[in-house]
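K.L.:
what's the 3D shape of this:
(one chain, ligands or ions: 1)
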Amino acid sequence: MGIVIRDTSVMTVDKENRIIENTNVYIHGNKIIHIGSEYDGFEGDIVINGKNKLLMPGLINAHTHLGMSLFRNYADDLPLFDWLSKKIWPLEAKLNKQDIYWGSLLSMAEMIETGTTSFCDMYFLMDEVVRGMEESGIRGVLTRGIIEDKNDPDSKLNDSISLYKRYDNGLDGRIKVMLAPHGVYTNSPEYLMRISDLAKELNTGIHIHLSETKQEVEDCYRQFGRSPVKHSYELGLFENHTLAAHCVHLSDEDIEILLDNNVYPVNNPGSNLKLASGFAPIDKMIKKGIKVALGTDGASSNNNLNLFKEMNLAALINKAVNLDALSVSANDAIRMATINGAYALNWVDEIGSIEVGKKADLILIDLNGINYYPRHNLESQIAYSSNGKDVHTVIIDGKIVYKDKEFTTIDIEKVKYMADCQIKDLLKR
Ligand code: NI
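P.N.:
Residues are numbered from 1 along each chain as shown. Next up is the predicted model:
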């Protein structure tokens, strides 16, 4: 099985940040095997014309709650805690397997359509997310969100262990499983330490919400006399590979701790704006050498799963906040959405850039749109002029899942219809 993409422009996002014009990319099985002129002896079953298109690494959405797509536009314009406690949590308590399956599949479709090939999800009933991944062909890290329940401290941990044992490295290596303490305000120190020990035992990573709101930081100081970052560090959480979603309210000391411990912050600019959480010091972290990834958060606090929009927001917001037009360049934003996401998902050996030997997770963008003319700088075009609707073809793990702007794996009309039915049914339950 081979695919050749001919006569295309390639944005490698490798160390040299190369843009290669008029070249060919060869895929055999699930890997990129050659970039350049003719590859002798290669028989491509599928040939894709890459003229006037850009091939770039598939985007990596490093913080999602896929099932929450059912709540898109259901509860907006509320502060984070009211939004969660009055609107979201009561509905989440009633979610069943069918809801999660169709909600997650709707999310996967939206991600694929806008060029995302991998995600890191924090939610529950994760078997249904696996079903969606099997159907759609997407790659992802699954983490069962853990909010401590003092009356039943074991069941969510057991869910996580079972998820890890059944699915880590599953679907031909398309799945990783990590542990997800929801936050430092929803889990006691003792319980966080228990989760950290379990991560070590399973030799896996941690996915947590950290320093998302000012309130969270103030409460943590009041209760424990230290910031959420320092609190997590002191409890030993960062001895594990850690993805920390948000990281909005950070002191200089917090930033040093994240740097020294190789923690991967995930910037969610759309969600932080919409929930009025604040502005994360992304430029400062990038300049220190921290690999900041990019995420959308759930579709009810964004309200899209479109990383092109997030790249644009990340690049624009930091300039205005820092009164510095050099803050978060187009290249920084692209790296956040690709290679830095691969670092965050602990998958950098296999995805995040276009290099021979890496997995073929690739997107081809149609550059015929008016917004791409005149043609000066491809990185600027992606970060400032794209809208995510120009994704032409998506390849994940060497398989075409979206071609000529049509899904090849998902029955999208059925997914839209079923997602609508599920939320209507849920609201009546
Ligand atoms: Ni979140």
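
K.L.:
going forward, measure contacts and count neighbours with C-alpha atoms only.
P.N.:
Noted.

K.L.:
Are we agreed that residue 7 is in a helix?
P.N.:
No. Residue assignment for residue 7, taken from DSSP: H, G, I helix; E, B strand; the rest coil, gives strand, which places it outside any helix.

K.L.:
Make 6 the first number, not 1, from now on.
P.N.:
Yes, from this point I'll number from 6; that puts the last item at residue 12.

K.L.:
which residues does it contact?
P.N.:
26, 27, 28, 29, 54, 55, 56 (CA atoms under 8 Å, 6 or more residues apart in numbering).

K.L.:
PyMOL command for the buried members of the residues you listed?
P.N.:
Those of the contacts of residue 12 that meet the burial criterion (16 or more other CA atoms under 10 Å) are gathered into one PyMOL selection, given here:
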select buried, resi 27+28+29+55+56
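
K.L.:
Switch the contacts of residue 12 over to CSV; also include pLDDT.
P.N.:
Rendered in CSV, the data for the contacts of residue 12 read as follows (pLDDT from 0 to 100):
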residue, pLDDT
26, 96
27, 95
28, 96
29, 96
54, 96
55, 97
56, 97
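
K.L.:
And the contacts of residue 12, which two are furthest apart?
P.N.:
For the contacts of residue 12, the maximum inter-member distance is 13.8 Å, found between 26 and 54 (CA to CA).

K.L.:
shared neighbours of the two, which are they?
P.N.:
Shared contacts of residue 26 and residue 54 (CA under 8 Å, 6+ apart): 12, 13.

K.L.:
And residue 67, how close does it get to residue 267?
P.N.:
According to CA to CA, to the nearest Å, residue 67 and residue 267 sit 16 Å apart.

K.L.:
Compare these two and say which one has the larger neighbour count.
P.N.:
Set side by side, residue 67 and residue 267 give different neighbour counts by other CA atoms under 10 Å, the larger being at residue 67 (35 against 20).

K.L.:
My read is that the more buried one contacts residue 297, right?
P.N.:
No. Between residue 67 and residue 297 there is no contact, the gap being 9.9 Å when judged by CA atoms under 8 Å.

K.L.:
buried sites along the helix or strand containing residue 166?
P.N.:
Following DSSP states H and E, one finds residue 166 within helix 160-172. Using 16+ other CA under 10 Å as the burial criterion, the residues of helix 160-172 that qualify are 161, 162, 164, 165, 166, 168, 169, 172.

K.L.:
which one of those residues sits closest to residue 39?
P.N.:
The shortest separation between residue 39 and any of the buried residues of helix 160-172 is 30.9 Å, and it belongs to residue 172 (by CA to CA).

K.L.:
Would you mind giving me the confidence score for that closest one?
P.N.:
The predicted local distance difference test score for residue 172 is 98.

K.L.:
same check, this time on the one 5 residues further on
P.N.:
Reading off the confidence values, residue 177 has pLDDT 97.

K.L.:
That one and residue 170: what is the separation?
P.N.:
Distance check for residue 177 against residue 170: by CA to CA, it reads 15 Å.

K.L.:
do the same with residue 120
P.N.:
Residue 120 is 30 Å from residue 170, where distance means CA to CA.

K.L.:
Go through the helix or strand of the chain with the lowest mean pLDDT and flag the buried ones.
P.N.:
Comparing every helix and strand of the chain by mean pLDDT, DSSP states H and E singles out helix 85-87 as the least confident one, with a mean of 82. Buried residues in helix 85-87, defined by neighbour count with 16+ other CA under 10 Å: residue 85.

K.L.:
swap in stretch 253-262?
P.N.:
Neighbour-count burial for stretch 253-262, with 16+ other CA under 10 Å as criterion, is recorded at 253, 254, 255, 259, 260, 262.

K.L.:
okay, how far is it across stretch 235-249, tip to tip?
P.N.:
One end of stretch 235-249 to the other measures 13 Å (CA to CA).

K.L.:
Give me the contacts around that stretch.
P.N.:
By CA under 8 Å, 6+ apart, the residues outside stretch 235-249 that reach it are 189, 194, 197-198, 201, 204-205, 209-215, 229, 259, 262, 266-271, 349-351.

K.L.:
Only the buried residues of that stretch, if you could.
P.N.:
Of the residues in stretch 235-249, 235-238, 240, 242-249 count as buried by neighbour count, 16+ other CA under 10 Å.

K.L.:
do stretch 49-58 as well
P.N.:
So, applying 16+ other CA under 10 Å, buried residues of stretch 49-58: 53, 55, 56, 58.

K.L.:
what does stretch 378-392 give?
P.N.:
Within stretch 378-392, the residues that count as buried by 16+ other CA under 10 Å are 383, 384, 385, 386, 387, 388, 389, 390, 391, 392.

K.L.:
As a markdown table, those with secondary structure and pLDDT would be great.
P.N.:
Conversion of the buried residues of stretch 378-392 to a markdown table gives the following (DSSP: H, G, I helix; E, B strand; the rest coil; pLDDT from 0 to 100):
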| residue | secondary structure | pLDDT |
| --- | --- | --- |
| 383 | helix | 95 |
| 384 | helix | 96 |
| 385 | helix | 96 |
| 386 | helix | 96 |
| 387 | helix | 97 |
| 388 | helix | 97 |
| 389 | helix | 97 |
| 390 | helix | 96 |
| 391 | coil | 96 |
| 392 | coil | 92 |
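
K.L.:
ok, which stretches of the stretch 306-434 of the chain are helices?
P.N.:
Under the criterion DSSP state H, counting those that start in this stretch, helices of the stretch 306-434 of the chain are mapped to 312-327, 335-342, 344-349, 383-385, 417-433.

K.L.:
Need the ones you listed in JSON lines (columns: distance to residue 48).
P.N.:
Written out in JSON lines, the entries for the helices of the stretch 306-434 of the chain read as follows (distance: least, CA to CA, whole Å):
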{"stretch": "helix 312-327", "distance to residue 48": "34"}
{"stretch": "helix 335-342", "distance to residue 48": "32"}
{"stretch": "helix 344-349", "distance to residue 48": "30"}
{"stretch": "helix 383-385", "distance to residue 48": "30"}
{"stretch": "helix 417-433", "distance to residue 48": "32"}
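
K.L.:
for residue 40, what are its contacts?
P.N.:
Per CA under 8 Å, 6+ apart, neighbours of residue 40: 28, 29, 30, 31, 360, 361.

K.L.:
Just give me the residue closest to the centre of this protein.
P.N.:
The centre of the chain sits closest to residue 66, judged by CA atoms, centre = their mean, with a distance of 1.6 Å.
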